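J.: Curious how this folds, go ahead:
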Amino acid sequence: MSFPSEAMRLLLVSDGRGDLPRLQRILAACIAGGLRAMQLREGQLSARELADFCRELRPMLQSVDGLLIINDRADLVAAGFGDGLHLGGGSLSPGDARRFLPDTLLGFSAHDAREIAWAKAEGADYVSLSPLLPSSCKPGQPAIGLQRAEELTRGAGLPVLWLGGLDAEKIGRIASAPAGFALRSGLCDVLDPESQVRQILGAIS
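T.: Residues are numbered from 1 along each chain as shown. Reported below is the predicted structural model:
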């Protein structure tokens, strides 16, 4: 499918705590600020538990023509619980997923040029590139850095979302923006997610 550039300017990534009421509050605040896409990354939950999360979260996004992207679980996306599928190095390949999800938005977690090229060849619609900056979500993993991220993004040949160590202030200082930004702790661990989203969208509009 064509990349939904407007909705994907800013992506909320869930933080894996398995706390649905908390996620609902965070998502509601982000939606009020203008966010239109969420990546559900809750790998510790069973398929049934994830389906229950989707039943609650997806209507919130649908009410603003937004998108719910599910990590790894192609079965749940095929069953209609999400609008897109995000895959990683240990997941089903984008090419295999595309065979039975021909019209579904497919993303892939990339960390270098080789993985970006592979994801493109496999038919991914976009990649997330991480960690952009030092991040508590990936302790010990070397950060890509802004200069290298810009080089990789220019040569990617498909839309790139930057992820890792970002917040509203840092995004506001980035002059050469990618297709979008994905934030986990930058939206899940702040006191006022709505104002953060407004500030970020204002900076990248």
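
J.: just so I have it, where are all the strands in the chain?
T.: 10-13, 37-40, 67-71, 84-87, 105-110, 126-129, 160-163, 180-183 (DSSP state E).

J.: relative orientation of the longest helix seen in the chain and strand 67-71 in degrees?
T.: Counting by DSSP state H, the longest helix found in the chain is helix 47-62. Here the directions of helix 47-62 and strand 67-71 differ by 160 degrees (axes from the mean of the first three to the mean of the last three CA atoms, to 10 degrees).

J.: got the contact list for helix 47-62?
T.: For helix 47-62, contacts defined as CB atoms under 8 Å, 6 or more residues apart in numbering pick out 18, 20, 23-24, 27-28, 31, 36-38, 40, 42, 45, 66-68, 70, 73, 75-76, 79, 81-83. Every C-beta, even on glycine, is put in place using the N, C-alpha and C of the backbone.

J.: Check those residues for burial and list the buried ones.
T.: Buried members of the contacts of helix 47-62, counted by 16 or more other CB atoms under 10 Å: 20, 23, 27, 31, 36-38, 40, 42, 45, 66-68, 70, 73, 76, 81-83.

J.: Enumerate the positions of the helix or strand of the chain with the lowest mean pLDDT that are buried.
T.: One helix or strand of the chain scores below all others by mean pLDDT, DSSP states H and E: helix 168-172, with a mean of 91. Buried residues in helix 168-172, counted by 16+ other CB under 10 Å: 168, 170-171.

J.: picking up where we left off before, and the strands of the chain: which comes nearest E194?
T.: strand 10-13 (11.7 Å; CB to CB).

J.: Alpha carbons of that closest one, as PDB, please.
T.: Extracted in PDB, the C-alpha atoms of strand 10-13 (Å, rounded to 0.1, in the frame of the first residue of the first chain):
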ATOM      1  CA  LEU A  10       4.600  10.800  14.400                       C
ATOM      2  CA  LEU A  11       4.300   7.300  15.700                       C
ATOM      3  CA  LEU A  12       3.600   6.400  19.400                       C
ATOM      4  CA  VAL A  13       5.300   3.100  20.300                       C
END
